[in-house]
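Asker: Below is the sequence, then the predicted model.
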Amino acid sequence: MKVFGSAPYEFTVVEGFFKRPKGWPFVEVADVAVDKDDNVYVFNRGPYNAVMIFDKAGNYLNGWGRIGHDFIVPHGLSVGSDGVIYTSDTGDHTVRCWDRYGRLLLTIGQPLVNSPIQSGQPFNKPTHLAVASNGDFYASDGYGNSHIHCFDSSGRHRFSWGGRGSGPGQFDTIHSVFVDIDDDDKIYAADRYNNRVQFFTSNGDFIGEWTGLNLANDVCKGRDGNFYVAELDHRVSILNSKGELLSRWGDVGVDVDDVDTGSGLPTAPSRNPMIRGRVKHDPGAGLFGAPHGIAVDSGGNLYVAEVCEAFLGIDRGDRSVQKFEPVSSDSVVHVPVLETKEITIPN
């Protein structure tokens, strides 16, 4: 049995978990989320339903949304405690709220109309949307802006914070936002090219940051109180509430100390340089090409979504989104780092 991570946070990959309708490819999976019943929501860029919903056994329940109609470029997805689904679309510069049957409840932003780049005004390629306990929305406006925007439950803009840079409260591609409703709505932000996760009060006041991450793309909290981070640089990390590393697996490209945070480029030679937009061909089950989204259910099962190789027309199938089950064993085989080829794509 191949085991990933380190004790006591060890996992095995579950191959063939997602039972899609016959002939339906994922192509790329931009994000993954779970609801209170452990149903799994897959936000993909394939030709059929962009949102696919599976039960906790991997059976397909239903889905909806087509690219070119409901979405342009699916990016971020989260599910509220009330079952409402929140999406971001970097292609049409909007964030939206839906019920589980695909009925549109609210659109924030003007479809296909972007704010000026780095203006701090919503939106220019928003990356993620999450909801707070009081119904406020927090949106990361990450590719064309460097801000988090707060809206009330009706979609009215309340306030924003951020700006491009590497200081406290600044961002260099804020890729996702997570609201910890069990901890006074503390806001966690995956600050990709600053190689960190920052956290704030619900009013946007800076509290602290966790560094030592390689291109943090997404962060979520499990029921165990630990935080799970998807890193574009081919790996996943598990941190405790103090930001201390508990477990990590995947291939590592370049140490964060060797990256210029202004450009995202390595400042020193590396055996496997990871620059902006570079991902790998499929490294095999349990490992990663380009982790993009992450979720954990009530049983500690981990789901990792990847965007990789869609421009080649390749359906990576089960490894577009992988499920990992927690294990406990005295006899494990740990998986070594693999050397694989690299390709260059946007995002």
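Answerer: Happy to help now that I have it. Keep in mind that what you see is a predicted model, and the values were worked out from it rather than measured.
Asker: Only C-alpha atoms from now on, for both contacts and neighbour counts.
Answerer: OK.
Asker: Check which helices and strands the helix or strand Ser88 falls within sits against.
Answerer: Following DSSP states H and E, one finds Ser88 within strand 85-89. Helices and strands touching strand 85-89, by 3 or more CA pairs under 8 Å, 6 or more residues apart in numbering; DSSP states H and E, are strand 74-79, strand 94-98, strand 128-131.
Asker: and of those, who's closest to His157?
Answerer: Nearest to His157, of all those, is strand 94-98, at 12.6 Å by CA to CA.
Asker: what about the closest residue to Val296 other than its chain neighbours, how many neighbours?
Answerer: In space, and not counting its chain neighbours, Val296 is closest to Leu302: 4.5 Å by CA to CA, 6 or more residues apart in numbering. Per other CA atoms under 10 Å, the neighbour tally for Leu302 reads 21.
Asker: For Leu302, name its beta-bridge partners.
Answerer: Val296, Phe324 (DSSP bridges).
Asker: Please pull out the lowest mean pLDDT helix or strand from the protein.
Answerer: Here the helix or strand of the chain ranked lowest by mean pLDDT, DSSP states H and E is strand 342-344, holding a mean of 35.
Asker: returning to what we had before: partners of the strand holding Ser88 in the sheet?
Answerer: Strand 85-89 sits in its sheet next to strand 74-79 (antiparallel), strand 94-98 (antiparallel), going by DSSP bridges.
Asker: pLDDT value on Val40, please?
Answerer: On the pLDDT scale, Val40 is placed at 98.
Asker: Can you report how many residues neighbour it?
Answerer: 27.
Asker: Which residue is the nearest non-sequential neighbour of it?
Answerer: Residue nearest to Val40 in three dimensions, not counting chain neighbours: Val34, with 4.6 Å by CA to CA, 6+ apart.
Asker: burial of that neighbour, as a residue count?
Answerer: By other CA under 10 Å, the residues close to Val34 number 26.
Asker: cool, and Asp183?
Answerer: If we define neighbours as other CA under 10 Å, then Asp183 has 9 of them.
Asker: Of all the strands paired with strand 85-89, which one is nearest Gly144?
Answerer: That would be, of those and by CA to CA, strand 94-98, which comes in at 12.6 Å.
Asker: Can you give the contact residues for the helix or strand just after the closest one?
Answerer: Note on strand 94-98: by DSSP H and E, the next helix or strand toward the C-terminus is strand 104-108. Residues outside strand 104-108 that contact it (CA atoms under 8 Å, 6 or more residues apart in numbering) are Thr94, Val95, Arg96, Cys97, Trp98, Asp99, Ser154, Gly155.
Asker: now do 6 Å
Answerer: Thr94, Val95, Arg96, Cys97, Trp98, Gly155 (CA atoms under 6 Å, 6 or more residues apart in numbering).
Asker: Burial check on the nearest residue to His157 once chain neighbours are set aside, number of neighbours?
Answerer: The spatially closest residue to His157, leaving aside those adjacent along the chain, is Phe151, at 4.4 Å (CA to CA, 6+ apart). By the criterion of other CA under 10 Å, Phe151 has 18 neighbours.
Asker: OK, contacts around Phe151?
Answerer: Asp136, Phe137, His157, Arg158.
Asker: Quick one, grab the pLDDT at the closest residue to the second one other than its chain neighbours.
Answerer: In this case it means Phe137. Among residues not flanking Phe137 along the chain, Val131 sits closest, at 4.5 Å (CA to CA, 6+ apart). What the model reports for Val131 is a pLDDT of 98.
Asker: okay, now Val131: neighbour count?
Answerer: 27.
Asker: if I read this right, it contacts His149, doesn't it?
Answerer: No: with contact defined as CA atoms under 6 Å, Val131 does not reach His149; the gap is 11.7 Å.
Asker: circling back to that earlier point, average pLDDT for the strand holding Ser88?
Answerer: Computed over strand 85-89, the average pLDDT equals 98.
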